[in-house]
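**Student:** Sharing a sequence plus its predicted fold:
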Amino acid sequence: MGGGALAATSPWLSTFASVEDTAHERCRIGFIGPGSRGRFLLGFLAENPKCEVVALADIYQPSLDEALKITPSAKTYKDYRQLLEDKSIDGVVIATPLNTHYQMAMDAFDAGKHVYCEKALAYTMEETLSMYRRHRETGRVFFTGQQRLFDPRYIKAMELVHQGLFGDINAIHAFWNRNADWRRDVPSPELERLINWRLYKESSKGLMTELACHQLQVGTWALGKLPTRVMGSGAITHWKDGREVYDNIHCIYEFDDGRQMTYASVISNKFYGLEEQILGNLGTVEPERGKYYFENYGPAPAPAFVQMLMEWEDKIWGANTFAGSSWDPEVARNNPGEFILGKAPEVDGTSLLVEAFVEAVCTGKQPPRIAEEGYYATQLCLIGHEAIVQGQPLAFPEEMKIDYAPYGTKGS
Ligand SMILES: NC(=O)c1ccc[n+]([C@@H]2O[C@H](COP(=O)([O-])OP(=O)(O)OC[C@H]3O[C@@H](n4cnc5c(N)ncnc54)[C@H](O)[C@@H]3O)[C@@H](O)[C@H]2O)c1
């Protein structure tokens, strides 16, 4: 795919529209941390004719061995800094545990490499800001693992939301539920903290950095602005197995005009799965399911005499202060909705995200908004986590705002 064709797939990639032809460009990629997510990304890189994965770095030999099955000719390193010394490498992908991203990304920028860093970008808000600044100072490409930005059903859903099809969006309910302990098998006990890094405070902020990071960005994308304040609560209520991160969290993100985004993640019940429900006064969007629903769906109005009876009944019950007019319970509507893309979703945006990164490395051009969307996605999950830990509402700190026009964050 040429740059222009790629631009057509995502509103974030307008930069590539002016790129004539990159069909003969090649770039050389180094991969740091080819673990579970890493090997998924590596598969797309290996298939991409515009790039060659020339080196792999990982401290865990089994990860390198597995990765070599995908890119057999790559050199391997135990220390990522040796990989960065290879001057022929144009860009790196970082898919290691959260607490290691910052140093690796900073070192990579300093070594002149373009960087794709998995979400969440960093362990602290300060580190996240420094990474973004280093990207700006060095002028190197900076991508983050927010694949929803490239997912056709999200892109289409947002187009419809922004056109006003669903009316005023007053609230977003984002949630990610599972019924699983999130543990991985460990071949020997000394590897526990390396393999189950997600469960320990030193290397992870749990559900907020691992899951919320994706979904909070969807909320700000729909509303076109950043929340101003967050409050939250979290605990370990079910998986009391020695883990240190919460298995049950609930947050409210408030916007300056009173609109709200709730975030919930519970990993001891999977009934409602994951979704970002975008709630407008005319309709609802569930991009994860790939559907939208209009409010006015339902059976034709009841015949006039039935309506008269209902009104009469409503008056009697309405006058009754303790009962109210509760004879019609407001249970969820039985509305099958419409598919955003006309059919059930088949893929997420990861392949396009990786393709866009390769295009950016070949051309050396940073598409607008990609780094900024990733930046704020990370900052929002980190401040939500902080609000939970401190047990008090937190305003989004002025000093963490960046000059990013669509959100009007500067000086707001
Ligand atoms: N975008 C997404 O949808 C998505 C999905 C899953 C994971 N992720 C992100 O990807 C990252 C990795 O997650 P994962 O599930 O693949 O973890 P993982 O544990 O499966 O893989 C991490 C790899 O990094 C290696 N590693 C650890 N410390 C290292 C170091 N100092 N130097 C070099 N290698 C090191 C590990 O040995 C392992 O091979 C995380 O940031 C996670 O949030 C993103």
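**Tutor:** Here it is on my side, so go on.
**Student:** Now for the closest residue to Cys362 other than its chain neighbours: which residues touch it?
**Tutor:** Leaving out its chain neighbours, the residue that sits closest to Cys362 by CB to CB, 6 or more residues apart in numbering is Glu25, at 3.8 Å. (Glycine included, C-beta is placed from N, CA and C.) Taking CB atoms under 8 Å, 6 or more residues apart in numbering as the criterion, Glu25 is in contact with Lys50, Cys362, Thr363.
**Student:** Is it correct that the last one is in contact with Gly3?
**Tutor:** Yes. Thr363 is in contact with Gly3 according to CB atoms under 8 Å; the separation is 6.6 Å.
**Student:** Now do the shared contacts for the two.
**Tutor:** Phe16, Val19, Thr22.
**Student:** who wins for neighbours among those?
**Tutor:** The residue in those with the most neighbours, by other CB atoms under 10 Å, is Phe16 (24 neighbours).
**Student:** tell me the SS of that one?
**Tutor:** Of the three states, Phe16 takes helix under DSSP: H, G, I helix; E, B strand; the rest coil.
**Student:** So which residues of the stretch 151-300 of the chain form strands?
**Tutor:** For the stretch 151-300 of the chain, the strands defined by DSSP state E, counting those that start in this stretch occupy 169-177, 229-235, 248-254, 260-266, 274-280, 283-286, 291-294.
**Student:** Reformat these as TSV; add distance to Asn196, mean neighbour count and mean pLDDT.
**Tutor:** What follows is the strands of the stretch 151-300 of the chain, written out as TSV (distance: least, CB to CB, whole Å; neighbours: other CB atoms under 10 Å; pLDDT from 0 to 100):
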stretch	distance to Asn196	mean neighbour count	mean pLDDT
strand 169-177	19	20	98
strand 229-235	19	18	98
strand 248-254	18	21	98
strand 260-266	18	21	98
strand 274-280	22	21	98
strand 283-286	32	22	97
strand 291-294	35	19	97
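**Student:** Could you give the number of residues near Glu359?
**Tutor:** Other residues close to Glu359 by other CB under 10 Å number 28.
**Student:** next SSE after the helix or strand hosting it?
**Tutor:** For Glu359, the host element (DSSP states H and E) is helix 350-363. Note on helix 350-363: by DSSP H and E, the next helix or strand toward the C-terminus is helix 370-390.
**Student:** what about the residue of the chain found nearest the ligand, how many residues close to it?
**Tutor:** Taking CB to the nearest ligand atom, the ligand has its nearest neighbour within the chain at Gly35, 1.8 Å off. By the criterion of other CB under 10 Å, Gly35 has 21 neighbours.
**Student:** now Gln392
**Tutor:** Counted with other CB under 10 Å, the neighbours of Gln392 add up to 10.
**Student:** Now it: closest residue in space that isn't a chain neighbour?
**Tutor:** Met231 (7.3 Å).
**Student:** need the contact list for the one you found.
**Tutor:** Per CB under 8 Å, 6+ apart, neighbours of Met231: Cys251, Ile252, Glu254, Ala387, Gln392, Pro393, Leu394.
**Student:** now Tyr200
**Tutor:** If you count contacts by CB under 8 Å, 6+ apart, then Tyr200 has Arg193, Arg243, Glu244, Val245 around it.
**Student:** Helices of this structure, start to end?
**Tutor:** 3-9, 36-47, 61-70, 80-85, 98-110, 125-138, 152-163, 192-195, 206-207, 213-223, 304-319, 350-363, 370-390 (DSSP state H).
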